[in-house]
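Visitor: Sequence and predicted structure are below.
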Amino acid sequence: MTPTIHVQAEDFDVAAEIAALSRGRRDIGAVTTFTGLCRDEGGRLAALELEHYAGMAEAELARVAGEAAARWPLQGATVIHRFGKIRPGENIVLVVTASAHRRAAFEAAEFLMDYLKTRAPFWKREHLLDGSTGTWVEAKDTDDAAAERWSGTPSA
Amino acid sequence: MTPTIHVQAEDFDVAAEIAALSRGRRDIGAVTTFTGLCRDEGGRLAALELEHYAGMAEAELARVAGEAAARWPLQGATVIHRFGKIRPGENIVLVVTASAHRRAAFEAAEFLMDYLKTRAPFWKREHLLDGSTGTWVEAKDTDDAAAERWSGTPSA
Amino acid sequence: MTVKLVYFAWVRERIGKPEEEVDLPSGIATVADLVRWLKTRGEEYEYAFENEGVVRAAINHTHVKPDAAIGTAREIAFFPPMTGG
Amino acid sequence: MTVKLVYFAWVRERIGKPEEEVDLPSGIATVADLVRWLKTRGEEYEYAFENEGVVRAAINHTHVKPDAAIGTAREIAFFPPMTGG
């Protein structure tokens, strides 16, 4: 199983990515997707600007996906992360996992999100509705804690 | 938030269901989907036949979705369960959850799947590739254990 | 009292019909009482309910335990443990 | 030895450029050594690295700790904690 990794400015199509993993297969029992979207933060935000480290972003996402594939019996895994200016309601990140059973598909998707949050070289800056450029989003301790959960043995 | 519940013979469209939950909204940060598919069980299976209790199936899925909405801050939840004859590679069940944050979306989707497995009145029978009608699928203790996990307080 | 009984999956197959209307004799207060009475109606019912505690029940589309009161139930369902999802 | 340094997000803004080639003086063995030397090059570097332990580093596209040996690194990156996803 070779994970599919894309770092791109363009939007993605969840249905097309599911189809790419599962088309023609009869051994997949479970497909989980996670889509992360830009929120307007109560009307304050005009857009998020996502800066990334080209080259390392792809490499790190591939490492994280490889680690998921080593921990869970996956039949497919896709990670797509966008960069550039993204407006409220638009997609930022997509994770798709396919497995014979639901527990593996769920856990691997959650692991991928927790890990890429703290390891993939992307940085968000806020653009506010009043036209000003806001600050860089600060990393959250809760994200570190979420990634830390996976440091033991996988439960399935 | 009123969950969307469908019990139907027809296939579903994951992208359309995501769009129905999130279209025009700017406050959703996380959408999780789970699709359960029919496996061919190593080439043994021609199809699964899903019998259901019409009326109770819808009512029970709505109760399970209502419980998820009471436990997690969801902005949307959709459950679609098919009945009739379903062939390997085809969809059986879809769960979609939307929330401001990823942990709630993931946990609610997993809860919905665990709960509907043990509570929604559907029964699977195998049709084998040699043309014979196989046995009714037996309920799994692991499914009861999975549902049991959620009997405490939600972690998020 | 007349009540509609509905059966699913192998419970339906063992009893040999998907549903029936029955007149409940007096003294049948709970789902467990009803199962005991059904088992006196023929070997197809004995077969369907042979393993105590396996067959599940619902009253008016809601899961119930064996000690649930039948009350004025319109529809009582019997079926195996569920295997959807 | 010449190495390419690349900066991201507020590290890039504080230093005032996205990348540069630098000739490393002898005696710089680790990432921590490199940071100490960079801070002597001007107040923009002092500002970028003012809080020890906040800025992260990568060598040749791989995350490293401050005690990582620079060795024959082609590209060393400095950036804030990541906020993708």
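Guide: Structure received. Only a predicted model underlies this, so the values are computations on that prediction, with no experimental measurement involved.
Visitor: Does the strand or helix carrying residue A:85 reach chain B?
Guide: Assigned by DSSP states H and E, residue A:85 falls within strand A:84-86. No - with Cβ under 8 Å from any Cβ of the partner chain as the criterion, chain B is not reached by strand A:84-86; the gap is at least 11.8 Å. Bear in mind the C-beta positions are built from the backbone N, C-alpha and C, glycine included.
Visitor: send the alpha carbons of the helix or strand following that strand over as CSV?
Guide: Going down the chain from strand A:84-86, the next helix or strand is strand A:91-99, by DSSP H and E. This file holds the C-alpha atoms of strand A:91-99, laid out as CSV (Å, rounded to 0.1, in the frame of the first residue of the first chain):
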residue,chain,number,x,y,z
ASN,A,91,-11.4,22.9,2.5
ILE,A,92,-7.9,22.9,4.1
VAL,A,93,-7.0,19.2,4.5
LEU,A,94,-8.3,15.8,3.6
VAL,A,95,-7.4,12.4,5.0
VAL,A,96,-8.9,9.2,3.6
THR,A,97,-8.2,5.7,5.0
ALA,A,98,-9.4,2.3,3.8
SER,A,99,-9.3,-1.0,5.7
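Visitor: count of residues packed around residue C:41?
Guide: 11 (other Cβ atoms under 10 Å in any protein chain shown).
Visitor: Tell me which stretches of chain C form helices.
Guide: Applying DSSP state H to chain C gives helices spanning C:9-15, C:31-38, C:43-48.
Visitor: Most distant residue from the centre of chain A?
Guide: Distance from the centre of chain A peaks at residue A:130, with 29.3 Å (Cα atoms, centre = their mean).
Visitor: Got the confidence number for that one?
Guide: With respect to pLDDT, residue A:130 scores 88.
Visitor: circling back to that earlier point, could you single out the most deeply buried of the helices of chain C?
Guide: The highest average neighbour count among the helices of chain C, using mean count of other Cβ atoms under 10 Å in any protein chain shown, belongs to helix C:9-15 at a mean of 20.
Visitor: tell me what that one is packed against?
Guide: helix C:43-48, strand C:75-79 (3 or more Cβ pairs under 8 Å, 6 or more residues apart in numbering or on different chains; DSSP states H and E).
Visitor: As TSV, these with mean pLDDT would be great.
Guide: TSV is the format used below for the helices and strands packed on helix C:9-15 (pLDDT from 0 to 100):
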stretch	mean pLDDT
helix C:43-48	98
strand C:75-79	98
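Visitor: Same list (these) but as JSON lines, adding distance to chain A.
Guide: Putting the helices and strands packed on helix C:9-15 into JSON lines (distance: least, Cβ to the nearest Cβ, whole Å) gives the following:
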{"stretch": "helix C:43-48", "distance to chain A": "30"}
{"stretch": "strand C:75-79", "distance to chain A": "23"}
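Visitor: what distance separates stretch C:14-33 from the centre of its chain?
Guide: Taking Cα atoms, centre = their mean, to the nearest Å, one finds the center of stretch C:14-33 at 6 Å from the center of the full chain.
Visitor: Sorry, slip of the keys, the one I care about is stretch C:78-85.
Guide: Using Cα atoms, centre = their mean, the offset of stretch C:78-85 from its chain centre is 14 Å.
Visitor: And chain B, is it touching that?
Guide: Yes - using Cβ under 8 Å from any Cβ, stretch C:78-85 reaches chain B at C:79, C:80, C:81, C:82, C:83, C:84, C:85.
Visitor: For chain D, see how far away the first one is.
Guide: Applying Cβ to the nearest Cβ, to the nearest Å, one obtains 43 Å for the distance of residue C:79 from chain D.
Visitor: quick one, what contacts that residue?
Guide: By Cβ atoms under 8 Å, 6 or more residues apart in numbering or on different chains, the residues touching residue C:79 are B:53, B:121, B:123, C:7, C:8, C:9, C:11, C:12, C:55, C:56, C:57, C:58.
Visitor: what bridges to it?
Guide: Assessed by DSSP bridges, residue C:79 has beta-bridge partners residue C:56.
Visitor: wait, doesn't residue A:138 sit right on residue D:54?
Guide: No - the criterion here is Cβ atoms under 8 Å, and residue A:138 misses it with residue D:54 at 10.5 Å.
Visitor: ok so residue A:39 is a strand residue?
Guide: No - Residue A:39 is assigned coil when assessed by DSSP: H, G, I helix; E, B strand; the rest coil, not a strand.
Visitor: can you count the residues close to it?
Guide: That count, for residue A:39 with other Cβ under 10 Å as the rule, works out to 20.
Visitor: Burial check on the nearest residue to it once chain neighbours are set aside, number of neighbours?
Guide: Spatially, and ignoring its direct neighbours in sequence, residue A:39 is nearest to residue B:29 (4.7 Å; Cβ to Cβ, 6 or more residues apart in numbering or on different chains). Neighbour count for residue B:29, taken as other Cβ under 10 Å: 20.
Visitor: Quick check: pLDDT value at residue B:29.
Guide: On the pLDDT scale, residue B:29 gets 97.
Visitor: okay but it is in contact with residue A:41, surely?
Guide: No - look at residue B:29 against residue A:41 with Cβ under 8 Å: they stay out of range, at 9.6 Å.
Visitor: Just give me the closest of the residues of stretch C:78-85 next to chain B to residue A:63.
Guide: Nearest to residue A:63 among those is residue C:85, at 33.1 Å by Cβ to Cβ.
Visitor: can you map out the helices along chain A?
Guide: Under DSSP H, chain A gives helices at A:14-22, A:56-71, A:102-119, A:141-148.
Visitor: so which of the ones you listed comes closest to residue C:24?
Guide: helix A:102-119 (41.4 Å).
Visitor: ok and that closest one relative to strand B:91-99, angle-wise?
Guide: 30 degrees (axes from the mean of the first three to the mean of the last three Cα atoms, to 10 degrees).
Visitor: at contact distance from chain D, anything in helix A:102-119?
Guide: Yes - for helix A:102-119, a contact with chain D is found by Cβ under 8 Å from any Cβ, at A:113, A:116, A:117, A:118, A:119.
Visitor: Within range of chain B, give me the residues from chain A.
Guide: A:13-15, A:18, A:22, A:24-40, A:42-43, A:88-89, A:100, A:102-103, A:105-106, A:109-110, A:113, A:146.
Visitor: could you flag which of the residues you listed are buried?
Guide: Burial by neighbour count, 16 or more other Cβ atoms under 10 Å in any protein chain shown: within these this picks out A:14-15, A:18, A:22, A:26-40, A:88-89, A:100, A:102-103, A:105-106, A:109-110, A:113, A:146.
Visitor: The residue of chain A found nearest chain D and chain C, how far apart?
Guide: Closest to chain D within chain A is residue A:122: 2.7 Å, counting by Cβ to the nearest Cβ. Applying Cβ to the nearest Cβ, the value for residue A:122 to chain C is 35 Å.
Visitor: Grab the nearest non-local neighbour of whichever residue of chain C sits closest to chain B.
Guide: Scanning chain C for proximity to chain B using Cβ to the nearest Cβ identifies residue C:84 as nearest, at 2.7 Å. Distances taken as Cβ to Cβ, 6+ apart place residue B:122 nearest to residue C:84, at 2.7 Å, with adjacent residues excluded.
Visitor: hmm, stretch A:49-61 touching chain D?
Guide: Yes - Stretch A:49-61 comes into contact with chain D (Cβ under 8 Å from any Cβ), by way of A:50, A:51, A:52, A:53, A:55, A:56, A:59, A:60.
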